[in-house]
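**Student:** fold the following and give me the result.
(chains A and B)
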Amino acid sequence: MQKICGVKEVEEDGIKQMAIQALISMLERIPKIYKDNQTYLKELLEMTFAYMIETAEDTTQEWANPKEGDYLPGII
Amino acid sequence: MITYLGLFDYSSLYVLIGFLEEVVDESDNAGVKFGSHVIDRMIAIIGQDILLPMISGLVQQMMVSPDWRFKFSALMSLSQVGEYVKNVDDIAPICGLVLKFLGDNHPKIRYAACHVIGQIADDCQPEFQAKFHQDVIPALLTHLNESVPRVLSHVLAALTNVLEGLPTDLTKNYIETVLNTVFPYTQQGISLVRENALSTISAIAESARHHYQPYFEKSVPIIYEIMKTHNQPEYKQLRGQCIECITVMGTAVGKDYFKRFASEIVDLMVHIQKNDIAADSLDPQKCYILSGWQRICLILEEEFVPFLGLIIPSLFKVIEHVLKGPAEKKTEEVPAKSIMDLANEKSNKTLDQFKESEKKNHNTFEHEEAEIAIKMIFCFVTELKKHYFDYVESTTELVLRALNYNQSEKIRKQAANCLPALLEVIKDSNHQGKQELIVKLASAFIEALWTTISSEFEAETIKEMIEAIKDCINHAGKFMNSAGIEAISQRILKVLSESDLRKSENEKYKVEGECEQEELEVLDEDNDTEEDLHVALAELIGILFKTHKELTLPLVQILYTQVLAKVLQPGLSDKMHKFGIFLIDDMIEHLGIELIPNEWPHLAEALLRYSTDKTCFVRQASLYGIGVLAEKSKDVFASIAEPCVTKILEALKIPRGDESERMYGFSRDNAVAALGKIIKNGGAKFNVEMLIPEWINQLPLQYDKPDGRRQHEFLADMILTWNAALVFGPNGERLPKVVKIFGTIIDTKFSNPAIEDKISKILKALAGDEKTKALLEQAFGGLTQLQQQRLQKVLTRTSV
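**Tutor:** A predicted model of the protein is given here:
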């Protein structure tokens, strides 16, 4: 999974998200693996942060100025 | 959840999903949102003690990066932390850090900083607000000069969240500044900014409560003007939020202020409802209007009645639209679709199939509207009581149809809720022959509810229907003959046995089904709900005992021989024990020992056994039963008085442990009240001198108000009419304690004018005697200022 997340070009297919999701599913089902080996936790966090950084999109005119009538809920 | 929103363009669905809490419309930040969600899950599963230090270390590294994306991602991840912080003081470093980024050069970083503040303010309210308001509110107000509209709307959203949790006494200092700064944004800029500005005004009004009164008159015309002038389709959300803002402000300031504008506001809302909203459209205004009506009704109370004629038809229309819709012909329920479901459907299905799924969600949306509309009717019915009488007939017809609507159990549950409330309207009215009408309708309602129950399979829904039947019987009183009681008893036992069957099937599946953890949790939750259903059935049976007395004796026999022995076995759950104890309490309370002469000694044994149970609610029910037994059995109680007293005193020594303070308090109050009832009813004359000091030592009651009033009045009566010397003890040693009890209860709901009149007589008698006067003065010295003031007030007043 780390290898998948480390490759730059694959995100178009959502593969990296799926890789992280697979690890999270494992964590949800067998948390003991991660609790017993906290290096895994740190690596999963690093992968997640790397994914967030990689997918963060810069400001666009559309984002900065939503058109009239566009509704976006508050912070919830 | 938000995680997969990036998989399809959901912008066309935003109105539909706008009211679902978990949806965050951030398609352009899908990756960051996904990451934040992952971090949230990790903390939830592994625990904050391990994860928070790790996150903190990584965030600190990211914050020093010159690349904006590092800071942005780090900040967004911090927004997940608030939910898991145990002590709000731990947020101080985050708060200081985040506030600095409100002035960053990059809009997305400013946006993320607002997001963190708003999220933590929501997760940690009101502690966050109390601790950081002086830093956070001025900072956000300063950044309202933001040049990027999207960020500006997020500054307002963060401010809204902070104000929503701000305690009233702190809010009052910010009203003027916030209104002066935020109101201009309701009238300028893009609609998103205006909507958020309106939310901020609503939040401050809600938190300020009556302190908003001086600003109300100036605020209303501004918002009213926005509603009137923004009538284009793209401003539906804005108009909806105007309705919310104006009615929230009305709730804050109260009837006297609101009614000056009521007529104008109602007219405009009716106009929007009639002319601007199509019944079958996904219009956000609908929900705002429905919630608005509820607020206005609660503000105006009976003065809302003149508007009913304008509002009821449109509410009925919303419900009618659903009941008459094509969905009614279907036989299977359409489950509500989550965004995740929609995302999967979109990615896996053809366009036609997706359109079909959108249609189903359209129905779900309409179901929600109809559900809210029935809730509104319930609100009107319960709030207006006899003033709603003219609408009872038409409402009954509609609600009974809704009870039978097979597409939404939420609608059926709401409809069930309304039925007993409608009986209460008739009961409260001046209608001639109202008792006959109540009985007639109650019979019809109960029959309709049983019919619906027969096709329900969710224990939670059945429970609500059972509660509605119980309330209907309670309103109607004794109206069934023995055949009727026999029929209802059979139905109760059938529901009970079906519930038992579902429970045992769940247990069997748990053992044989190789369930995963999640499935086991679901099965446990299901069984817990089944046990709640049992308790609801016990309460229904209790009402039958209360209203139909001896007619229920055949049912008593079945319960005694077939049910009680089974549910009171030691190994069963606490809720099953509570179910059994409830049945016993009600048998003794409503039938008395005369109707159950052979059974009551065995029932008393069960009460004794569970009166020292480790679980508060089981103990409370048993102790209550012992008190009732002392009242009902009187002379024969002497034979079991000693073990009862021993058990009560033992129960009083049980420490709170992990139980909630309230639950523990109620349990303790029931033990003290049971002691008082034993003393009062003379069942333990042999050791009354030992009991009275124990009882007085535990007074006053602090949670159970009705029992509290009875016990405190009994204390006063004992002094006035029975044996004052026994109460005060040798040399008046208990006089300070008794005076303290009185000083604590006066002017609270644990007292009433009759009790205070008796206290006044006692205090005057004590003050009038040289010997006791000194003791009284000495006792006053040990009281708080408030207790002294209360006693002085009673002492100086003239007896009624």
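**Student:** near chain A, which residues of the stretch 251-400 of chain B are found?
**Tutor:** Applying C-beta under 8 Å from any C-beta of the partner chain, one finds that the stretch 251-400 of chain B approaches chain A through residue B:284. Heads up, the C-betas are built off the backbone N, CA and C, glycines and all.
**Student:** count of neighbours near the residue of chain A found nearest chain B?
**Tutor:** When scored by C-beta to the nearest C-beta, chain A has residue A:55 as its residue closest to chain B, at 2.5 Å. Applying the criterion other C-beta atoms under 10 Å in any protein chain shown, we find 21 residues in the vicinity of residue A:55.
**Student:** pLDDT at it, what is it?
**Tutor:** The predicted local confidence for residue A:55 comes out at a pLDDT of 87.
**Student:** with only the CA atoms kept, save the longest helix seen in chain A in CSV.
**Tutor:** In chain A, ranked by residue count with DSSP state H as the criterion, the top helix is helix A:38-55. In CSV, the C-alpha atoms belonging to helix A:38-55 read as follows (Å, rounded to 0.1, in the frame of the first residue of the first chain):
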residue,chain,number,x,y,z
GLN,A,38,2.8,1.7,16.4
THR,A,39,5.1,2.1,13.5
TYR,A,40,2.2,1.0,11.3
LEU,A,41,0.1,3.8,12.8
LYS,A,42,2.7,6.4,12.1
GLU,A,43,3.2,5.1,8.5
LEU,A,44,-0.6,5.2,7.9
LEU,A,45,-0.8,8.7,9.2
GLU,A,46,2.1,9.8,7.0
MET,A,47,0.5,8.1,3.9
THR,A,48,-2.7,9.9,4.7
PHE,A,49,-1.1,13.3,5.1
ALA,A,50,0.9,12.8,1.9
TYR,A,51,-2.3,12.0,0.1
MET,A,52,-4.0,15.1,1.5
ILE,A,53,-1.1,17.3,0.5
GLU,A,54,-1.0,15.7,-3.0
THR,A,55,-4.7,16.2,-3.6
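**Student:** let's see whichever helix or strand comes after that helix as CSV, backbone CA atoms only.
**Tutor:** Toward the C-terminal end, the helix or strand that comes next after helix A:38-55 (DSSP states H and E) is helix A:61-64. Provided in CSV are the C-alpha atoms of helix A:61-64 (Å, rounded to 0.1, in the frame of the first residue of the first chain):
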residue,chain,number,x,y,z
GLN,A,61,-12.2,31.5,-9.4
GLU,A,62,-15.1,29.0,-9.0
TRP,A,63,-14.0,28.1,-5.5
ALA,A,64,-13.4,31.6,-4.3
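**Student:** burial count for the residue in chain B that chain A sits nearest to?
**Tutor:** Distances from chain B to chain A, computed as C-beta to the nearest C-beta, single out residue B:31 as the nearest residue at 2.5 Å. A count of neighbours around residue B:31, defined by other C-beta under 10 Å, yields 23.
**Student:** avg pLDDT for stretch B:298-308?
**Tutor:** 92.
**Student:** what residues of it count as buried?
**Tutor:** By neighbour count with 16 or more other C-beta atoms under 10 Å in any protein chain shown, stretch B:298-308 contains the buried residues B:298, B:299, B:300, B:304, B:305, B:307, B:308.
**Student:** wait, the first one sits on residue B:252?
**Tutor:** If I follow you right, that is residue B:298. No - under the criterion of C-beta atoms under 8 Å, residue B:298 makes no contact with residue B:252, lying 12.0 Å away.
**Student:** re earlier: could you list the residues in contact with the longest helix of chain A?
**Tutor:** Counting by C-beta atoms under 8 Å, 6 or more residues apart in numbering or on different chains, the neighbours of helix A:38-55 from elsewhere in the structure are A:1-2, A:5, A:8, A:11, A:16-17, A:19-20, A:23-24, A:27, A:33-34, B:30-32, B:34-36, B:38-39, B:42, B:46, B:50-51, B:54-55, B:58, B:62, B:67, B:69-70, B:73-74, B:76-77.
**Student:** so which bits of that helix are buried?
**Tutor:** The neighbour-count criterion (16+ other C-beta under 10 Å) identifies A:41-45, A:47-55 as the buried residues of helix A:38-55.
**Student:** out of these, who's nearest residue B:557?
**Tutor:** Using C-beta to C-beta, the shortest approach to residue B:557 within these belongs to residue A:41, at 61.3 Å.
**Student:** now the element after the helix or strand of chain A with the lowest mean pLDDT, going C-ward?
**Tutor:** Of all helical and strand segments in chain A, the minimum by mean pLDDT, DSSP states H and E falls on helix A:2-6, at a mean of 69. Downstream of helix A:2-6, the next assigned helix or strand under DSSP H and E is helix A:15-29.
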